[in-house]
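J.: I would like the atomic coordinates for the input below:
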Amino acid sequence: MGNPGMRLLDRPRRLLHEWSTRRKNQRTIDTLDQVLARHDPVLLVHQMGRAGSMTTVNTLRGAGLDLAVFHTHWLNPASVQRRQEWVRHLPESRQPLNIRMSTRIAAQLQREGAGRRHWQLVSVFREPIARNVSVFFLSIDAFVDDFQQRYRRGELDHKALMEIFLEKFPHEQPLQWFEQEIGEVFGIDVYDHPFPEGQGHQVIRSGHVDLLLIKLERLNDCYQAAFQELLGVEIPRLEHTHVTEQDPAKPMYSDFVRNAVFPDDYLDRMYESAFAKHFYTRAERDAFRSKWSSAGP
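T.: So this is what the prediction gives:
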């Protein structure tokens with residue numbers, strides 16, 4: 001039953017947390033507005049979702065850099081507009097911080113282009129199936145009505161979830177992200193720059209833009225060399241931020257990952273894509289394919 005007194009405190013605590021979060025978010029927006037107004041350099045963690053972005057952001061923010069660190073997933077005007085449509089019923093102060101930041105930075109880029117200031121971009125990427133499965137469970141309520149209740153009642157087995165995932169999820173997102181969010185926004189075609197095999201990261205410098213690419217699968221062992229090359233500073237440690245640990249769908253996600261077996265045509269679609277073939281070696285892609293071709297123990 002729980003302690004009635006503790007339950008009475010749940011709502012005030014939730015309201016206090018929401019108020020504190022809004023204040024923190026507004027301070028971040030105020031800082032961003034000041035940076036954009038002064039034409040200062042921008043250090044931006046700009047990457048596909050569910051690829052260690054919060055670990056990257058918190059690591060850079062905790063390193064005592066002179067630059068403020070901002071975070072976006074979308075800057076292409078079409079991408080930003082789609083997200084704005086989702087939250088247009090909310091007052092601006094209650095919209096997700098990431099959408100507010102994307103809206104401001106995308107508008108500034110449209111006004112001035114990427115050549116008016118120095119952009120330092122950090123983009124961690126992840127093999128596409130692991131990334132897609134993670135996003136699917138993060139957003140599970142958008143794909144499955146009453147998911148948690150139906151899952152607890154045993155109404156959704158692995159076969160049913162796999163069918164929903166394959167049918168409803170937008171699988172091309174990680175395959176197209178660099179063309180849409182780096183190429184069309186900052187004018188850098190990452191596929192024109194061979195990714196160094198075995199290194200785990202790459203820095204591409206083009207005009208006013210410095211772009212650091214890092215494989216999530218190699219983040220632990222290459223982050224110091226990667227940030228040193230981009231920023232010229234030593235980052236002493238990673239601030240691991242496991243957002244999934246607080247996710248109520250985590251048990252279902254872990255169960256799905258252990259038991260998922262993907263059809264060959266889906267494995268081909270993901271691992272023979274231009275994205276996968278550019279960033280991952282044949283041996284790496286074969287290892288991913290093997291992982292998703294049979295259920296775990």
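J.: Now do the helix or strand where Met162 lies: everything it contacts.
T.: Assessed by DSSP states H and E, Met162 sits inside helix 158-168. Residues outside helix 158-168 that contact it (Cβ atoms under 8 Å, 6 or more residues apart in numbering): 132-133, 136, 143-144, 255-256, 259-263, 266. For glycine as for every other residue, the C-beta is placed from the backbone atoms N, C-alpha and C.
J.: Just put the residues you listed in a markdown table and tack on distance to Asp66.
T.: Below are the contacts of helix 158-168 laid out as a markdown table (distance: Cβ to Cβ, whole Å):
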| residue | distance to Asp66 |
| --- | --- |
| Asn132 | 37 |
| Val133 | 38 |
| Phe136 | 38 |
| Phe143 | 42 |
| Val144 | 45 |
| Asp255 | 45 |
| Phe256 | 43 |
| Asn259 | 48 |
| Ala260 | 44 |
| Val261 | 49 |
| Phe262 | 45 |
| Pro263 | 50 |
| Tyr266 | 45 |
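J.: If we only consider the residues you listed, which is nearest to Glu229?
T.: Nearest to Glu229 among these: Asn132, at 29.3 Å, using Cβ to Cβ.
J.: For that closest one, grab the count of nearby residues.
T.: By other Cβ atoms under 10 Å, the residues close to Asn132 number 22.
J.: cool, Met252 as well?
T.: Met252, neighbours per other Cβ under 10 Å, totals 18.
J.: Which residues are in contact with Gln26?
T.: Counting by Cβ under 8 Å, 6+ apart, Gln26 touches Ser93.
J.: Now which of the contacts of helix 158-168 would you call buried?
T.: Using 16 or more other Cβ atoms under 10 Å as the burial test, those include Asn132, Val133, Phe136, Val144, Phe256, Ala260, Phe262, Tyr266 as buried.
J.: Just put these in JSON lines and tack on pLDDT and secondary structure.
T.: Output for the buried ones among the contacts of helix 158-168, formatted as JSON lines (pLDDT from 0 to 100; DSSP: H, G, I helix; E, B strand; the rest coil):
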{"residue": "Asn132", "pLDDT": "98", "secondary structure": "helix"}
{"residue": "Val133", "pLDDT": "97", "secondary structure": "helix"}
{"residue": "Phe136", "pLDDT": "96", "secondary structure": "helix"}
{"residue": "Val144", "pLDDT": "93", "secondary structure": "coil"}
{"residue": "Phe256", "pLDDT": "92", "secondary structure": "helix"}
{"residue": "Ala260", "pLDDT": "93", "secondary structure": "coil"}
{"residue": "Phe262", "pLDDT": "97", "secondary structure": "coil"}
{"residue": "Tyr266", "pLDDT": "98", "secondary structure": "helix"}
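J.: May I see these organised as JSON lines, with distance to Ala106 added?
T.: Formatted as JSON lines, these follow (distance: Cβ to Cβ, whole Å):
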{"residue": "Asn132", "distance to Ala106": "24"}
{"residue": "Val133", "distance to Ala106": "28"}
{"residue": "Phe136", "distance to Ala106": "26"}
{"residue": "Val144", "distance to Ala106": "31"}
{"residue": "Phe256", "distance to Ala106": "34"}
{"residue": "Ala260", "distance to Ala106": "35"}
{"residue": "Phe262", "distance to Ala106": "34"}
{"residue": "Tyr266", "distance to Ala106": "32"}
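J.: What is the nearest of those residues to Ile182?
T.: Proximity of these to Ile182 (Cβ to Cβ) peaks at Asn132, which lies at 19.2 Å.
J.: Tell me the pLDDT of the closest residue to Pro96 other than its chain neighbours.
T.: Closest residue to Pro96 apart from its sequence neighbours, by Cβ to Cβ, 6 or more residues apart in numbering: Val87 at 6.7 Å. Model confidence at Val87, given as pLDDT, is 94.
J.: Much appreciated, bye for now.
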